[in-house]
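In: Any chance you could fold what I've pasted below:
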Amino acid sequence: MSHLFKRLSSTVTIKPTPSKAHLHGFLPSSLFPAGYLLTGVHAGVKKTTALDVGVILSTSERPTSAAACFTRNAFKAAPVLVSDEILTVNGGRARGIVVNSGCANAVTGQQGLKDAWAMVRATDALLPSRSDKPEHETLVMSTGVIGQNLPINKILDGIRTKAPTSFGTDFAAWERAAKAFMTTDTFPKLRARKFTIGGVEYHMAGMDKGAGMIHPDMGPASTSFAPKSLHATLLGCILTDAPVSPRSLQSALTYAVERSFNSISVDGDMSTNDTIIVLANGAAAGEDAKEIDEETDMESYEIFKTELTAFAADLAKLVVRDGEGATKFVTVTVKEANSFTDAHSIASRISTSALVKTALYGEDANWGRILAATGSVPLAPLPNTSTPTVIHPTTVSVTFIPSDGSTPLPVLVNGEPENVDEVRAKAILSEEEFGIEVRLGMGDKEATYWTCDFSYEYVKINGDYRS
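Out: Now for the predicted structure:
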């Protein structure tokens, strides 16, 4: 009986969610890509006066390539279906993006599809005229409560009358667009940088949103060059003025997403609306410059893919840092696996374990939960064999990694528990940021996941989300 009372009681201190204000700040206009107009407006989707509709237009004279990765959830929202169709029909070309927050337009039947198409047509009408333009050139995204219809008339009014009066290219315009993405986010997630390919300076900027219902599993659109076998909503867009062919833009994005947005988890729940879009308008390239393509210029493609992957990871980590009620930012790295897929699957399992995440909140170095999560993942057979691969407990090691660069703390080495300094373990886990490293002793592949803890505040937020 005494054990039962101990189990029902708790000595865990309820901690306030740390401020995230330092994660957002001014960015100089020189970092933003050329050839884009954008804004965010209040259309009336949300009950407050917050910005809730964002519009992004490519104004480049060159063709704009577009790529996207969408949720693999069976209940794909109307905007996901519509955007996928547009990318497929256009062969990876699009010049506009429109997003609303406050209503997901998911599981809304035929009316939901009609509303998504109406948003597309309204934004298409704002694009600079071109003689060779396809019927539709706008990709659409929505986020918010599932199962409710959009207040479409308010949204269309926002696109047609409010957006055109506030378009811009400076930081304020980019910030307005980023704010229009937000739901339970505590800050607008906006980043920008420069990079060089072949002696030419290009720019990349992006924004995303997400704080809850975060465990994306996104794959490419149904374009002819997309692989068919790939497996609160996370929404994001990345814009660049580099010239990239549609097929190589999709290839680079698919690679980047697997190592960024598909490698984060707040609560283990996949949304019906998860979408990441990239536009490449070539506005910083010379008039006769060819589009970067993996078959004709592999060196330039690899540089672009590396830049895109690093940038996507930066945006993805902002989502975890802003996780609903999160007090910890934890990097989970699995090393010495036979394949990236195995390492990624194990890192995902650790990052989504409720037992691990609650221990993180309680600052309890309960490494047994990490091992239990690790051992629950079925591994892929080795190449050219059907024999299942198994983890050998005697080769597995677990280490806590301090964020300050001090000496790591091993708690399990080759299957043998260490005599752990619990005071130092508590000190490491009391920090807002630290790492967990698992070595399998099987191969030379590794993968990284970013996750956060489960707090009392998370339950409070999600207990009455609809209200």
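In: name the helices or strands packed onto the longest helix seen in the chain?
Out: Determined from DSSP state H, the single longest helix within the chain is helix 298-321. Using 3 or more CB pairs under 8 Å, 6 or more residues apart in numbering; DSSP states H and E, the elements in contact with helix 298-321 are strand 189-197, strand 200-209, strand 235-240, helix 246-258, strand 264-265, strand 329-337, strand 445-452. Bear in mind the C-beta positions are built from the backbone N, C-alpha and C, glycine included.
In: Now that helix: average pLDDT?
Out: In this model, helix 298-321 has an average pLDDT of 97.
In: same thing with stretch 430-440?
Out: 97.
In: in that stretch, what's buried?
Out: By 16 or more other CB atoms under 10 Å, the buried positions in stretch 430-440 come out as 434, 435, 436, 437, 438, 439, 440.
In: quick one: secondary structure of the second one?
Out: When you say that, I think you mean residue 435. When states are read from DSSP: H, G, I helix; E, B strand; the rest coil, the local structure at residue 435 comes out as strand.
In: I figured it hits residue 331, correct?
Out: Yes. Under the criterion of CB atoms under 8 Å, residue 435 makes contact with residue 331 at 4.2 Å.
In: Mutual contacts of these two, please.
Out: residue 401 (CB atoms under 8 Å, 6 or more residues apart in numbering).
In: got the contact list for the residue nearest the centre of the chain?
Out: Residue closest to the average C-alpha location in the chain (CA atoms, centre = their mean): residue 261, at 3.5 Å. Residue 261 makes contact with 69, 208, 216, 218, 234, 236, 274, 276, 312, 315, 316, 319 under the criterion CB under 8 Å, 6+ apart.
In: With residue 159 instead?
Out: For residue 159, the contacting residues are 43, 53, 55, 98, 119, 122, 123, 126, by CB under 8 Å, 6+ apart.
In: again, 6 Å this time
Out: By CB atoms under 6 Å, 6 or more residues apart in numbering, the contact list for residue 159 reads 122, 123.
In: Repeat that for residue 420.
Out: Listed by CB under 6 Å, 6+ apart, the contact set of residue 420 reads residue 411.
In: can you do 8 Å?
Out: 365, 409, 411 are the contacts of residue 420 under CB under 8 Å, 6+ apart.
In: Tally up the residues packed near the nearest residue to the first one once chain neighbours are set aside, please.
Out: By that I understand residue 365. Distance criterion CB to CB, 6 or more residues apart in numbering; nearest residue to residue 365, sequence neighbours excluded, is residue 425 at 3.7 Å. Other residues near residue 425 number 18, with proximity taken as other CB atoms under 10 Å.
In: Flag the shaky bits of the chain, pLDDT-wise.
Out: The chain contains residues with pLDDT under 70 at 1-12, 211-216, 222-233, 268-269, 465-467.
In: Repeat the analysis, applying 80 as the threshold.
Out: For the chain, residues meeting the criterion pLDDT under 80 lie at 1-13, 15, 210-219, 221-233, 267-271, 385-388, 461-467.
In: thinking again about what came up before, kindly supply the PyMOL command isolating those of the contacts of residue 420 that are buried.
Out: Buried members of the contacts of residue 420, defined by 16+ other CB under 10 Å, are picked up in PyMOL with:
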select buried, resi 365+409+411
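In: Out of the contacts of residue 420, which comes closest to residue 455?
Out: Checking the contacts of residue 420 against residue 455 by CB to CB gives residue 365 as the nearest, at 17.8 Å.
In: Tell me how far that closest one lies from residue 428.
Out: The gap separating residue 365 from residue 428 is 8 Å, by CB to CB, to the nearest Å.
In: go on, residue 285?
Out: 47 Å.
In: Looking at the two, which one has more neighbours?
Out: Shown here are residue 285 and residue 428; by other CB under 10 Å, residue 285 has more neighbours (23 against 20).
In: Now for that one: which residues touch it?
Out: The neighbours of residue 285, taking CB under 8 Å, 6+ apart as the test, are 62, 200, 202, 241, 242, 243.
In: Can you list phi and psi of it for me?
Out: Recorded main-chain torsions at residue 285 are phi -90, psi 160, according to degrees, to the nearest 10.
In: and what of residue 170?
Out: Backbone torsions of residue 170, given as degrees, to the nearest 10, read phi -90, psi -180.
In: contacting residues for it?
Out: With contact set as CB under 8 Å, 6+ apart, residue 170 has these partners: 29, 32.
In: Mind doing that once more with 6 Å?
Out: Applying CB under 6 Å, 6+ apart to residue 170 gives the contacts residue 29.
In: Leaving out chain neighbours, which residue sits closest to residue 82?
Out: residue 116 (4.3 Å).
In: what's near enough to touch that neighbour?
Out: Contacts for residue 116 (CB under 6 Å, 6+ apart) come out as 78, 79, 82, 140.
In: before we move on, back to that, any idea how far residue 203 is from the residue nearest to residue 365?
Out: From residue 425 to residue 203 the distance is 44 Å (CB to CB).
In: How about residue 176?
Out: From residue 176 over to residue 203 the distance is 19 Å, taken as CB to CB.
In: got it, and residue 131?
Out: With CB to CB as the criterion, residue 131 and residue 203 are 28 Å apart.
In: wait, isn't residue 92 in contact with residue 248?
Out: No. Residue 92 lies out of contact with residue 248 (CB atoms under 6 Å); the separation is 9.5 Å.
In: And what about residue 117, helix, strand or coil?
Out: Here residue 117 is helix, with the state taken from three-state DSSP.
In: In terms of helices and strands, where is the nearest residue to it once chain neighbours are set aside?
Out: Nearest residue to residue 117, sequence neighbours excluded (CB to CB, 6+ apart): residue 82, at 6.0 Å. Using DSSP states H and E, residue 82 sits within helix 78-90.
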